[in-house]
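Student: Fold the following.
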Amino acid sequence: MTLAAIRADVDSIRMAAIDAVRPEALLPTRLALTGSELLLDGSSFSPPVALRSRVVVVGGGKAAAGVAAEIERLLVPATSVGLPVAGLVSVPEGCGRRLAHVEVRETRPLAANLPTPAAVAATHEMRAMLAELGSDDLAIVIVTGGGSALIEEPRDGVSLAGTIALARHLSAAGAGIRDLNTVRQPLSVVKAGGLAQACSAGRLVTLVLSDIIGNPLDLIASGPCMPVAANPVAALDVLRRYAALDVDPAITRLLEREAAAWPRDAAAAGGDWTTPRGCRVSHVLLGTNATAVEAAAAMAHRLGYDTTVNSSAADDESAAEVGGRLARDAARLLDAAADGRPRAIVEGGEATVVLPRDHGRGGRNQQTVLAALAVWSGDWPAGLAVASIGTDGEDGPTDAAGGVVDADVAAAVAERRLDVDTAVRRCDAYPLLDAVGGLIRTGPTGTNVADVRLILFRP
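Tutor: Predicted coordinates for the structure are as follows:
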């Protein structure tokens with residue numbers, strides 16, 4: 001197999017993974033409208049969801065525009081006879097589009113996954129829309145990956161600058177998405193069920209696209225419609241573990257006051273519940289990282305690979321750990337392929353990165369593949385490729401979605417005598433991979449279910 005062909009297989013597999021988790025692929029298979037009733041998987045919701053009066057659509061995330069577009073398409077029979085539909089969703093730059101009924105507002109820069117004043121203003125408007133609904137109205141809330149930065153309104157006593165500083169510190173220290181969102185929840189009006197509690201409609205349906213391995217509904221986009229109590233004790237524990245207690249002393253003092261009165265036996269509840277205002281809430285999990293991984297594995301199989309799905313990958317591994325493991329798995333794959341049959345391994349996940357003070361530029365996926373190259377022993381075999389791709393098209397503060405190492409990339413690194421070890425140590429993967437053709441660029445994909453990693457080998 002030529003090197004161009006193995007790279008083409010990487011592209012085909014990652015495109016299959018991303019296409020499988022686009023809203024236009026997911027919603028039509030799950031939701032339908034029969035008369036005035038919304039159906040899930042061909043059956044009635046419990047209790048049923050009927051379109052009696054108005055429909056308001058709000059939410060946010062990297063897939064929110066696509067989900068809103070599919071909702072509008074679903075409701076065409078109702079809107080064509082006069083059903084009022086309105087709404088607002090918050091998305092990153094590059095993910096906007098013009099819809100007939102729902103405003104899609106770009107509220108943060110591309111490759112800067114932090115809340116902004118524009119995101120806060122949009123969230124405040126969403127809460128106001130939900131609060132003025134009546135008992136016959138339906139609210140639909142879109143919750144997708146990236147929503148924690150896009151659906152945000154700090155509570156009294158918490159500054160936006162403080163939440164941003166904490167997010168930056170925790171991310172640079174290697175905190176994963178679970179820890180980040182555990183801290184975000186008690187600092188916000190809308191997280192941990194706060195958005196749903198603002199709703200005065202009789203019915204609220206939350207459509208979720210998960211970017212967290214294991215799909216904890218209370219943590220995806222920080223659970224804006226989940227019936228959970230934000231936990232100050234857990235938040236303080238995260239701050240201690242990552243030496244973040246002094247990042248914003250006012251936030252730390254607030255959490256300490258509330259932790260003193262926290263009920264230690266508080267536990268998360270399910271996604272179907274009734275708010276204190278009498279709004280019945282349901283959650284629908286549309287797609288997950290596993291959806292993308294399964295589609296990638298199916299494409300690899302169609303391309304002729306004996307394919308293994310690694311379902312044990314965790315979401316709390318460092319990029320260095322993941323890269324080392326992928327290199328070891330690749331070596332075993334080569335041994336297994338001694339029989340002449342092509343082999344592939346596909347997995348999902350979301351690695352963490354600890355940034356040194358003198359860090360360079362890159363992202364967790366670029367760092368992962370460069371770490372795999374750094375630990376590889378001997379020449380890189382022809383026909384072997386290791387890739388890691390963010391399904392959202394973003395990988396750190398760069399224009400890349402991820403990276404790939406194949407024989408061409410490895411040869412170019414050796415020929416130019418590039419210092420891979422230093423690039424890994426400094427988290428400076430982007431310029432090195434850019435120089436040797438090892439970046440994967442997709443642009444914003446309009447979806448987000450964390451990352452997909454590939455090992456491909458053809459003898």
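Student: Assign Cys112 to helix, strand or coil.
Tutor: For the record, residue 112 is Ala, not Cys. Put simply, Ala112 is coil when judged by DSSP: H, G, I helix; E, B strand; the rest coil.
Student: Any idea how many residues pack against it?
Tutor: Residues near Ala112, counting by other CB atoms under 10 Å, number 12. In short, each C-beta sits where N, CA and C put it, glycine included.
Student: Run through the helices of the stretch 151-300 of the chain in chain order.
Tutor: Along the stretch 151-300 of the chain, the segments classed as helices by DSSP state H, counting those that start in this stretch run 160-172, 177-184, 194-197, 232-241, 249-259, 289-302.
Student: and of the ones you listed, who's closest to Ala429?
Tutor: In terms of CB to CB, the element of the helices of the stretch 151-300 of the chain nearest to Ala429 is helix 160-172, at 15.6 Å.
Student: Let's see that closest one as CSV, backbone CA atoms only.
Tutor: Output of helix 160-172 as CSV, limited to C-alpha atoms (Å, rounded to 0.1, in the frame of the first residue of the first chain):
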residue,chain,number,x,y,z
LEU,A,160,-16.9,36.2,34.6
ALA,A,161,-13.2,37.0,34.9
GLY,A,162,-12.9,34.6,37.8
THR,A,163,-14.6,31.7,36.1
ILE,A,164,-12.3,32.2,33.0
ALA,A,165,-9.2,32.4,35.2
LEU,A,166,-10.2,29.2,36.9
ALA,A,167,-10.9,27.4,33.6
ARG,A,168,-7.6,28.4,32.2
HIS,A,169,-5.6,27.4,35.3
LEU,A,170,-7.4,24.0,35.6
SER,A,171,-7.0,23.2,31.9
ALA,A,172,-3.3,24.1,31.9
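Student: hmm, back to that, in CSV, list the helices of the stretch 151-300 of the chain along with distance to Cys279, mean neighbour count and mean pLDDT.
Tutor: Written out in CSV, the entries for these read as follows (distance: least, CB to CB, whole Å; neighbours: other CB atoms under 10 Å; pLDDT from 0 to 100):
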stretch, distance to Cys279, mean neighbour count, mean pLDDT
helix 160-172, 27, 18, 97
helix 177-184, 23, 23, 96
helix 194-197, 7, 25, 98
helix 232-241, 26, 19, 97
helix 249-259, 25, 16, 97
helix 289-302, 29, 22, 98
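Student: okay if I get the ones you listed as TSV plus distance to Ala50?
Tutor: Shown next, in TSV, are the helices of the stretch 151-300 of the chain (distance: least, CB to CB, whole Å):
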stretch	distance to Ala50
helix 160-172	38
helix 177-184	33
helix 194-197	19
helix 232-241	39
helix 249-259	40
helix 289-302	29
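Student: Out of those helices, flag the one nearest Arg7.
Tutor: helix 289-302 (14.1 Å).
Student: What is that closest one packed up against?
Tutor: helix 3-20, strand 306-310, strand 343-349, strand 451-457 (3 or more CB pairs under 8 Å, 6 or more residues apart in numbering; DSSP states H and E).
Student: CA atoms of it as CSV?
Tutor: Only the C-alpha atoms of helix 289-302 are listed here, as CSV (Å, rounded to 0.1, in the frame of the first residue of the first chain):
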residue,chain,number,x,y,z
ASN,A,289,-18.4,9.2,21.5
ALA,A,290,-19.2,5.5,21.0
THR,A,291,-21.5,6.5,18.1
ALA,A,292,-18.5,8.0,16.3
VAL,A,293,-16.1,5.1,17.3
GLU,A,294,-18.6,2.5,16.0
ALA,A,295,-18.9,4.4,12.7
ALA,A,296,-15.1,4.6,12.3
ALA,A,297,-14.7,0.9,13.0
ALA,A,298,-17.4,0.1,10.5
MET,A,299,-15.6,2.2,7.8
ALA,A,300,-12.3,0.6,8.7
HIS,A,301,-13.9,-2.8,8.2
ARG,A,302,-15.3,-1.8,4.8
